[in-house]
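[1] attaching a predicted model along with its sequence, questions to come.
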Amino acid sequence: MNTKIRIKLSVMMFLEFFIWGAWFVTLGTFLKSNLHASGSEAASVFSTQSWGAIIAPFIIGLIADRYFNAEKILGILHLIGAFLMYQMYVSDDVSIFYSYVLGYMILYMPTLALVNSVSFNQMNDPEKEFANIRVWGTIGWILAGLSISFLFHWDSAEGVTQGLLKNTFLLAGIAALILGLFSFSLPKTPPKVAATEKIKIGDIIGLDALKLLKDKNFAVFFISSILICIPLAFYYQNAHPFLTEAGVENPTGKMAIGQISEALFLLLIPVFFTRFGFKKTILVGMLAWAIRYVLFAYGNGSDLSFMLIIGIALHGICYDFFFVSGQIYTNSKAGEKYKSAAQGLITLATYGVGMLIGFAIAGWITDNYRINEKTVNWEMVWIIPAGIAFGVFLLFALLFNDKSKTEIEKEEVSAI
């Protein structure tokens, strides 16, 4: 890959995740302070990410993979997205805002696959080259958070009171406009499938991979993946409002610690896999979810603020050790025939079904554990997902066995 293309792909990744990080992190606080949304209304807005994840494969499979270059679809989706971001910026009613954010997420979620497609098309050895490009996405997310907190101060107590968080949508919209125009200069990435080839809906959403569920261990992993997304939804929906109410200064910038942690722990996954195997690695990720929420439940923004910072920093273990490890495990179990289908099915199950359930539960819990109209009982809001995460941890620990049948038989023989 020549330097010019490498720079273009890096800029593309940077902007792709800068856009998401510029508005999604502070969304919960914006909904509460600017639009006075209830927990259930906030849950509906956050669930648009899940609906986008469910619909995305159809946009990619039915349109992008068959009729148009990926970079052109990427450009069009981000240009429309920039318009919708502006509409979110000027919205002052949660129901109207919901319609715009739903439209936006249906368009944005497919772009996550499109930027990967554009990148992979330029690589001879994606396993070695992709990480160096993808890391710029994490940097973009981090820089968005740091800008909101330390450059613009929109998430300060005064900024939240003045309603300045709505400016995050303007920032994201400008970045979307830039990426939309920039996308047309990206390397050409033609369709992978002939337009005349017969469409199979099962292939698009990965239904062929359901055959893998005949394997008990994969079925346990699959169910655990859906269930662990319930506590994950609590973090996305409630972390920023909680940190803001707890009096943590520059909460958006401090939440970027989670992305820094994610980048660092990503490098440790091969070490954990080699030394401890898949089961122990993924169990560490599950347990980290329970620990972080206990830290959130009993920490505060003053003398125990270090507990909140540790909870944020655990994001790398929570996300990488479960989701990235899970993707690697799925890839190894699927085989060549079902690799794409299996990854698509896991994405649909987690970011689609699992998160959809999680956001609904998080909204219900937030509404039902209020001290008064303005104050939430955050201790209970975090203890409940901690309990769910620990329950999934026990389920996986007891039912999943990553040893092969041959290894079990050898152990039984040696025991005799």
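    Yes, it's here. Numbers count the residues shown, from 1 in each chain.

[2] name the nearest residue to M123, sequence neighbours excluded.
    Nearest residue to M123 in three dimensions, chain neighbours excluded: E129, at 4.5 Å (C-beta to C-beta, 6 or more residues apart in numbering). Every C-beta, even on glycine, is put in place using the N, C-alpha and C of the backbone.

[3] state the number of residues packed around L287.
    Using other C-beta atoms under 10 Å, L287 has 20 other residues around it.

[4] now do the contacts for it.
    By C-beta atoms under 8 Å, 6 or more residues apart in numbering, the contact list for L287 reads 389-390, 393.

[5] again, but for R134
    R134 sits in contact with 13, 119, where contact means C-beta under 8 Å, 6+ apart.

[6] separation between it and M1?
    Using C-beta to C-beta, to the nearest Å, R134 is found at 14 Å from M1.

[7] so how many other residues sit close to L213?
    L213: 14 neighbours (other C-beta under 10 Å).

[8] over to E129?
    Per other C-beta under 10 Å, the neighbour tally for E129 reads 17.

[9] same check on the one 4 residues further on?
    The burial metric for I133, expressed as a neighbour count using other C-beta under 10 Å, is 25.

[10] which intervals of the stretch 1-150 of the chain have sub-threshold pLDDT?
    Counting by pLDDT under 70, the stretch 1-150 of the chain contains low-confidence ranges at 60-66, 127.

[11] okay, helices next: where are they in it?
    Secondary structure of the stretch 1-150 of the chain by DSSP state H, counting those that start in this stretch: the helices cover 3-23, 27-33, 39-46, 48-59, 70-90, 94-120, 126-146.

[12] CA atoms of the shortest one as PDB?
    Once non-C-alpha atoms are left out, helix 27-33 reads as follows in PDB (Å, rounded to 0.1, in the frame of the first residue of the first chain):
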ATOM      1  CA  LEU A  27     -26.400  11.700  24.100                       C
ATOM      2  CA  GLY A  28     -27.800  10.500  27.400                       C
ATOM      3  CA  THR A  29     -27.000  13.800  29.200                       C
ATOM      4  CA  PHE A  30     -28.400  15.800  26.200                       C
ATOM      5  CA  LEU A  31     -31.700  13.900  26.200                       C
ATOM      6  CA  LYS A  32     -32.100  14.500  29.900                       C
ATOM      7  CA  SER A  33     -31.000  18.100  30.200                       C
END
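
[13] which parts of it are buried?
    For helix 27-33, the neighbour count (16 or more other C-beta atoms under 10 Å) marks 27-33 as buried.

[14] for the residues you listed, give me TSV that also has distance to A297.
    Shown next, in TSV, are the buried residues of helix 27-33 (distance: C-beta to C-beta, whole Å):
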residue	distance to A297
L27	22
G28	17
T29	19
F30	24
L31	22
K32	19
S33	23
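
[15] now the strands: where do they sit in this structure?
    Counting by DSSP state E, the chain forms no strands at all.

[16] how about S47, nearest residue that isn't a chain neighbour?
    Among residues not flanking S47 along the chain, F359 sits closest, at 4.4 Å (C-beta to C-beta, 6+ apart).

[17] next one, pLDDT for the one you found please.
    As predicted, F359 sits at a pLDDT of 95.

[18] okay, now the domains of this structure?
    The chain breaks down by automatic domain parsing into domains covering 1-188, 208-402.

[19] ok now do the spatially most central residue of the chain, which residues does it touch?
    For the chain, Y351 is the residue whose C-alpha lies nearest the centre (C-alpha atoms, centre = their mean; 7.3 Å). Neighbouring residues of Y351 by C-beta under 8 Å, 6+ apart: 49-50, 53, 229.

[20] fine by me, thanks again.
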